[in-house]
Each structure stands twice: as C-alpha cells, then as structure tokens.
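In: need a 3D model of the following:
(one chain, ligands or ions: 1)
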Amino acid sequence: MQRARPSCLIVLLACALGACMPLPPRNPLATWVPSPNHEPRRPVLIVLHATEQDSVQESLDTLRSRNGGGPVSAHYLIGRDGHRFQLVADSERAWHAGAGRWGTITDVNNTSIGIELDNDGASEYPETQVRALVALLGDLCDRLDIPRRQVIAHADMAPTRKVDPGKLFPWRQLAEAGFGVWPALTDEPLPSGFDPWLALRLFGYPIDDRAAAVRAFHLRFRGIDTEALDDEDLRILHALTQQP
Ligand SMILES: [Zn+2]
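Out: Below is the predicted model:
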C-alpha cells in the first residue's frame with residue numbers, strides 16, 4: 001500500500017473537520033442567519049393507489065425508474081402478502097399523484113404521502129394487505145400528524161385520469177379502522193335546495209368534469225363506476241356534509 005503524502009493528509013483532515021460538507025441550503029440574495037427552530041415540511045394528505053401491475057417486483061422496478069408517462073415513484077408499496085417497502089423518505093416529494101387537486105390542494109405531490117398497493121386493478125384486496133395498510137396509516141398519521149380522515153383515492157384527486165385503487169378497495173373497512181370517511185346514513189329527508197355538486201366540491205372533488213367526479217365518488221362509496229347521480233348518492237353526500 002502506498003503511503004499517503006502530507007498534502008493528501010491535509011485534505012483528509014479538512015474533510016474530517018467539515019470543510020467538505022455540503023453548504024447549508026441558503027439563498028445568496030439574503031444574509032444567512034440560521035435559526036435552530038425548524039423541521040422538515042409535513043404532508044397533510046395520504047393518497048392510495050393500485051399498482052395495476054402483475055407483481056411487486058415489477059412495481060418496485062417501475063417505481064424506481066419510469067412508466068409510459070415518465071419517471072414515477074411513491075413513498076410506500078405494500079405487497080399482497082402485507083410486506084411493506086419504502087422507496088422515498090416521508091419528508092421528500094415523491095412523484096405519485098400527477099395533475100389534479102383535492103379541495104384547495106392543487107399540488108398533491110407536494111403535500112401528500114403516496115402508498116401503492118400491489119393489485120392488478122381487477123382483484124380483491126387480501127385481508128393481510130389491508131391490515132398492513134391500516135398499521136402503516138396509523139404510524140403515518142401519528143408520527144406526521146396527518147388527520148385520519150385525510151386518506152383519499154388517486155381517483156378522487158384525478159377523476160378524469162385515474163380509477164385506482166378501484167371499486168374493490170374496502171373503503172368502509174378502512175373507515176371502521178379509523179381512516180378516511182364513511183357516511184352515517186339516516187332516514188331524515190334532504191333539506192330543500194340541497195345541491196349535490198356543491199356537496200361534492202366541499203368534500204374535496206374537483207367537479208370541472210362532473211361525470212368523472214361522479215364516477216370517482218361511485219368507485220369510493222358505492223363500488224360501482226357509473227357516471228350519473230341518483231337518490232342514494234344524494235343521501236350519501238348529505239351525510240358526508242354532516243360529518244365533522
Ligand atoms: Zn395511482
């Protein structure tokens with residue numbers, strides 16, 4: 001082995017002392033006066049996806065490279081056997097949501113955690129996989145202080161482009177476990193003048209394309225994929241507006 005020359009030793013010593021550390025993130029237009037009182041930005045929403053692929057391995061590859069639309073990722077991927085993979089740190093912006101919005105949130109990637117569920121888009125979700133999801137949601141909501149009702153479908157925020165996690169996803173079971181929302185229906189008559197489109201919008205749906213918004217609502221609350229509102233929808237929407 002060759003002996004290190006003194007100049008190399010000086011460089012190594014300087015690195016050890018921090019001279020080779022990356023510069024702190026700062027704007028050269030302003031004087032850097034760092035405060036210790038800060039933390040990573042926190043997400044406020046969790047978006048659930050179905051991979052719509054045939055295996056975990058295929059999805060692990062896709063989520064670390066690209067699909068037909070370009071580079072994609074998600075924070076987590078859960079296999080059908082319940083195994084959880086993390087691909088992106090919670091504090092980072094994963095590329096899972098794409099264009100769309102939810103309520104007043106217009107950049108969903110910036111404010112959310114994305115969870116992919118291994119599912120080909122046409123299969124039931126195994127109990128083991130749902131249990132693994134519920135445990136992860138509990139961890140994320142507790143640790144990151146995300147409101148438990150703020151768990152939505154990819155289809156909810158992008159109804160013109162997406163249908164995942166699809167009509168077979170057990171939203172009611174998830175709500176019974178404490179995540180997302182489920183309507184508490186009553187026999188009370190609807191108030192006169194009840195506006196279902198306003199209710200859809202207040203719940204969070206973008207309604208620029210009303211048929212697409214109804215389809216996403218049906219996927220989530222009725223397990224169907226039709227595009228016209230009926231009386232049952234009005235009862236569900238009214239119940240949702242009554243919930244905290
Ligand atoms: Zn998706």
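
In: for the spatially most central residue of the chain, what are its contacts?
Out: In the chain, the C-alpha nearest the mean C-alpha coordinate belongs to residue 47, at 2.1 Å (C-alpha atoms, centre = their mean). By C-beta atoms under 8 Å, 6 or more residues apart in numbering, residue 47 lies in contact with 96-97, 108, 112-115, 152-154, 157. C-betas here are computed from N, CA, C, even on glycine.

In: residues in the chain within reach of the ion, list them.
Out: 49, 154, 164 (C-beta under 5 Å from the ion).

In: let's see which of those end up in strands.
Out: Counting by DSSP state E, the part of those found in strands is residue 49.

In: by neighbour count, which of the residues of the chain next to the ion wins?
Out: residue 154 (26 neighbours; other C-beta atoms under 10 Å).

In: run a quick neighbour tally on residue 175.
Out: Neighbours around residue 175, by other C-beta under 10 Å: 16.

In: could you list the low-confidence segments of this structure?
Out: The chain contains residues with pLDDT under 70 at 1-24.

In: can you give me the strands in it?
Out: 45-50, 66-67, 70-71, 76-78, 84-86, 112-117, 151-153.

In: output the contacting helices and strands for the fourth one.
Out: When you say that, I think you mean strand 76-78. helix 56-62, strand 84-86, strand 112-117, helix 127-144 (3 or more C-beta pairs under 8 Å, 6 or more residues apart in numbering; DSSP states H and E).

In: now do the last one
Out: The criterion is 3+ C-beta pairs under 8 Å, 6+ apart, and the helices and strands that strand 151-153 contacts are strand 45-50, helix 210-221.

In: one more pass at 6 Å, please.
Out: On a contact count with 3 or more C-beta pairs under 6 Å, 6 or more residues apart in numbering; DSSP states H and E, strand 151-153 meets strand 45-50.

In: direction included, what does the strand it packs on pair against?
Out: strand 112-117 (parallel), strand 151-153 (parallel) (DSSP bridges).

In: would you mind giving these as TSV with distance to residue 74 added?
Out: Converted to TSV, those look like this (distance: least, C-beta to C-beta, whole Å):
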stretch	distance to residue 74
strand 112-117	4
strand 151-153	14
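
In: in a markdown table, list the ones you listed along with mean neighbour count.
Out: A markdown table is the format used below for those (neighbours: other C-beta atoms under 10 Å):
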| stretch | mean neighbour count |
| --- | --- |
| strand 112-117 | 26 |
| strand 151-153 | 25 |
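
In: of all these, which lies closest to residue 217?
Out: strand 151-153 (10.0 Å; C-beta to C-beta).

In: follow-up on the earlier one: right, and the strands paired with strand 45-50 - which one's nearest residue 135?
Out: Nearest to residue 135 among the strands paired with strand 45-50 is strand 112-117 (11.8 Å), distances taken as C-beta to C-beta.

In: that older thread, quickly list what the residue nearest to the centre of the chain is bridged to.
Out: residue 114, residue 152.

In: would JSON lines of the strands of the chain with distance to residue 195 be doable?
Out: JSON lines is the format used below for the strands of the chain (distance: least, C-beta to C-beta, whole Å):
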{"stretch": "strand 45-50", "distance to residue 195": "25"}
{"stretch": "strand 66-67", "distance to residue 195": "38"}
{"stretch": "strand 70-71", "distance to residue 195": "38"}
{"stretch": "strand 76-78", "distance to residue 195": "37"}
{"stretch": "strand 84-86", "distance to residue 195": "41"}
{"stretch": "strand 112-117", "distance to residue 195": "28"}
{"stretch": "strand 151-153", "distance to residue 195": "22"}
